[in-house]
Structure formats: C-alpha cells, structure tokens
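Chemist: okay, sequence plus prediction incoming.
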Amino acid sequence: HAAHLNAPGRAGPGDLDEAGLREVEIFASGGLDEHSIDALVQSGAPIDGFGVGTLLGVSADAPALDMVYKLVEYDGQGRTKLSADKQVLGGRKQVFRRTAGDLIARAGEEHDGRRLLVPVMRGGRRVVDESLETIRERARREIAALPDRCRSLEPKHPPYPVEVSAALSEEQKRLEALLAKQYLSSG
C-alpha cells in the first residue's frame, strides 16, 4: 500500500548508504495511481521511480475500457454520439498548438500554429522511425512547455484554452443532424 512507502521506521536511502549501497535506487510499485504518487512526491518520500500497472489502464469507478466510445470515423465517414454528456467530435482531426491555446480542427484544415498529431501507423505498419528515447524527450519538452495549471492533478483556473474550428463545428452539426434523422426514421 502506498501509505506504507513513506512510513516512519521503514528502511530508506540512509540505511542503504550506511550499508555501502549508494548506487541502489528505490522503485515503488503496487496499487499506485496518480494521486498516491503525487502524495508520495509531495511528502518527500525517498523514491526514485514509480511503477503503475493495473491502475494505469482502468479506473476504480469504470474497471473496463470501452474503446468504441472513441470511434470518430468508420469507412471514411465521420461518426458521433447524440449523448449530451459524452460529446464526440466526429471525423479525423488535427490539433494546432498556438500561443494562446490549442485549436481542434478537421484533418486537412490549415491554421496558424504547430500541428501536434502525426501519423505513426498506416495499414498496420509503423511509419515513424524514432527511438523510444527520442519520443520520451519530445514528450518531456511538450509537457514542460505547458502552463503549470495544465500539469496539475487537480483542475485549475483559468482552464487551458481549447477552441474548435468553424469547419469542425459545422461538420459536427451535419453529423448530429444526419444521426438524428436516421434515428427518427428507424423508430
């Protein structure tokens, strides 16, 4: 349990140092999630790394992944949902990182800013030839470049600005109208 990892009386780096094991690093795993890791880091626990397994792919309140939920295009046609609490913007998209925030647009649109989405697979084959270290370093740079409020586990204000392009908004309206028409004609 994560609470035991920083408990008084537990062996720690000082004990390892005294035993002549200065090169030993402490790696914690087992039942950890982002909140328990954050609590350990904030408390100054002498831990060099964390392993997250079971709690990485699932959440306690929904212990299964529903991948169909994210379906946004099938056979070249945009897909969406009419559920008010689970909006899905249909069709392939591109995200543009701009100085004032991000813009979500339809794939193929041109906007100011840096494109964030790049293909990594096509036809079941990798189309990028980057080392894992290169990918990690890019992820570190991208995360470090975000405002502090975006790197917090708790919601912060003001939220990071994200806009939807006019073309994507129009496509969403078209898909919703088409889906509503299909639903009404089938019922």
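Modeler: Here it is on my side, so go on.
Chemist: name the element residue 112 belongs to?
Modeler: Applying DSSP states H and E as the criterion places residue 112 outside every helix and strand.
Chemist: tally of neighbours for it?
Modeler: Here the count is done by other Cβ atoms under 10 Å, and residue 112 has 8 residues near it. All C-beta atoms are positioned from the backbone trio N, CA, C, and that covers glycine.
Chemist: please name the residues that touch it.
Modeler: Contact partners of residue 112, counting by Cβ atoms under 8 Å, 6 or more residues apart in numbering, are 96, 98.
Chemist: same deal with residue 153?
Modeler: Applying Cβ under 8 Å, 6+ apart, we find residue 153 in contact with 34-35, 38.
Chemist: residues in contact with the nearest residue to residue 37 once chain neighbours are set aside?
Modeler: In this structure, residue 37 finds its nearest non-sequential neighbour in residue 50, 5.1 Å apart by Cβ to Cβ, 6 or more residues apart in numbering. If you count contacts by Cβ under 8 Å, 6+ apart, residue 50 has them with 27-29, 32, 37, 40.
Chemist: report the secondary structure state of residue 50.
Modeler: Three-state assignment for residue 50 (DSSP: H, G, I helix; E, B strand; the rest coil): strand.
Chemist: can you tell me how far it sits from residue 153?
Modeler: 14 Å (Cβ to Cβ, to the nearest Å).
Chemist: residue 101 versus the residue nearest to residue 37, what's the distance?
Modeler: As judged by Cβ to Cβ, residue 50 and residue 101 stand 30 Å apart.
Chemist: could you do residue 156 as well?
Modeler: Separation of residue 156 from residue 101 (Cβ to Cβ) stands at 14 Å.
Chemist: same question for residue 145.
Modeler: Taken as Cβ to Cβ, the span from residue 145 to residue 101 is 13 Å.
Chemist: and those two? which has more neighbours close in?
Modeler: residue 101 (14 against 9).
Chemist: wouldn't the more buried one be in contact with residue 161 here?
Modeler: Yes: counting by Cβ atoms under 8 Å, residue 101 touches residue 161, with 3.0 Å between them.
Chemist: please consider this matter closed, and thank you.
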